[in-house]
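>>> fold the stuff below for me.
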Amino acid sequence: MSGSNEHIVTLLKLRQELVERCRAAASNMEPGGIVATTKSVIEFQMSIEAIDRPIDDEKTLQGKLQ
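Sure, this is the predicted structure:
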């Protein structure tokens, strides 16, 4: 496995963990906690999107190296 592939795998694992935590935060919402839950979901989504960019960059870089 090339170094670029390893970076993609690592980033995908991190992304998956963030998705799972976001799902857990959303499903554990307590009555009246919609504002706090929404803020958590937004923070997770921003983090997920931030991880998507380097994943795309690694894929682009990998394509250029082949």
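>>> going forward, measure contacts and count neighbours with C-alpha atoms only.
OK.
>>> next, the buried residues of stretch 57-66.
58-59 (16 or more other C-alpha atoms under 10 Å).
>>> secondary structure element for residue 57?
When secondary structure is defined using DSSP states H and E, the element that contains residue 57 is helix 34-65.
>>> and that helix, how far from the chain's centre?
Computed by C-alpha atoms, centre = their mean, to the nearest Å, the separation of helix 34-65 from the middle of its chain amounts to 5 Å.
>>> which helices and strands does it pack with?
Helices and strands touching helix 34-65, by 3 or more C-alpha pairs under 8 Å, 6 or more residues apart in numbering; DSSP states H and E, are helix 3-27.
>>> okay, now the unreliable bits of the protein?
Counting by pLDDT under 70, the low-confidence segments of the chain come to 1-4, 66.
>>> re the thing from before, tell me the angle the helix holding residue 57 makes with helix 3-27.
Calculated by axes from the mean of the first three to the mean of the last three C-alpha atoms, to 10 degrees, helix 34-65 forms an angle of 170 degrees with helix 3-27.
>>> going by neighbour count, list what's buried in helix 34-65.
By neighbour count with 16+ other C-alpha under 10 Å, helix 34-65 contains the buried residues 37, 40-41, 44, 48, 51, 55, 58-59.
>>> what do you get for stretch 6-25?
Within stretch 6-25, the residues that count as buried by 16+ other C-alpha under 10 Å are 8, 11-12, 15, 18-19, 22, 25.
>>> which one of the residues you listed is nearest residue 33?
Taking C-alpha to C-alpha as the measure, residue 25 is the one of those closest to residue 33, at 10.8 Å.
>>> doesn't residue 38 make contact with the closest one?
No - applying C-alpha atoms under 8 Å, one finds residue 25 not in contact with residue 38, separated by 9.1 Å.
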